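when you get a sec, could you give me coordinates for this:
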Amino acid sequence: MKKVMVVYKSNSGNTKMMAQAVASGAMAIDTEVVLKTFDQASVEDIENADSVAFGCPACGNEEIDIEVVLPFLELVKDKMALKKTALFGSYGWGEGTYMEVWYKDMMSMNAFLVDKGLTILNTPDSGGFQACERLGVKLR
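As a prediction, the model looks like this:
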């Protein structure tokens, strides 16, 4: 059985909704999907997963969270080589350009990124939820 981890941080609830939709898209008969926040996830969770989705909203000036997300990614960077990976998050200002930097950071960890990263302005609408589910399907 394949194992997909969906790990996220959410400030306003938007990225949590995205994480739930990604997890829904990843569900299949032969796939176990586990949804956790970065605070709940462990290095072993990532190590034991076949695929991983990381979600984080834009923080500060279009940046990845430096208190929880970046330290966690530093802990797992040696576990990411060729692991099927997806990135997603919401933003409320700017253009979601933080995802481009995050994508490059994950590429430097040799993660196998299934997508350029999905960003959604504020709360996902029905099209946004569908995009999240499609991203989850790519992790199967």
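
against the centre of this structure, work out the most remote residue.
No residue in the chain sits farther from the centre than residue 29, which is 21.7 Å out by C-alpha atoms, centre = their mean.

distance from the chain centre to the strand or helix carrying residue 54, please.
For residue 54, the enclosing helix or strand under DSSP states H and E is strand 51-55. Chain-centre distance of strand 51-55: 4 Å, with C-alpha atoms, centre = their mean, to the nearest Å.

swap in stretch 26-43?
Mean-position distance between stretch 26-43 and its chain equals 11 Å (C-alpha atoms, centre = their mean).

begin at 50 from here
Will do, 50 is the new start, and the previous item becomes stretch 75-92.

name the residues of that stretch that are buried.
Buried residues in stretch 75-92, counting neighbours by 16 or more other C-beta atoms under 10 Å, are found at 75, 80, 82, 83, 84, 87, 90. C-beta here means a position set from N, CA and C on the backbone, and glycine is covered the same way.

now intersect these with the helices, please.
Among the buried residues of stretch 75-92, the ones falling in helices (DSSP state H) are residue 75.

any idea of the pLDDT on residue 143?
pLDDT for residue 143: 86.

which strands and helices lie in contact with the strand holding residue 103?
strand 51-57, helix 63-75, strand 133-140 (3 or more C-beta pairs under 8 Å, 6 or more residues apart in numbering; DSSP states H and E).

what about the nearest residue to residue 88 once chain neighbours are set aside, how many neighbours?
Spatial nearest neighbour of residue 88, excluding adjacent residues (C-beta to C-beta, 6 or more residues apart in numbering): residue 117 at 6.4 Å. Neighbourhood size, residue 117 [other C-beta atoms under 10 Å]: 15.

so who does residue 117 touch?
If you count contacts by C-beta atoms under 8 Å, 6 or more residues apart in numbering, residue 117 has them with 58, 87, 88.
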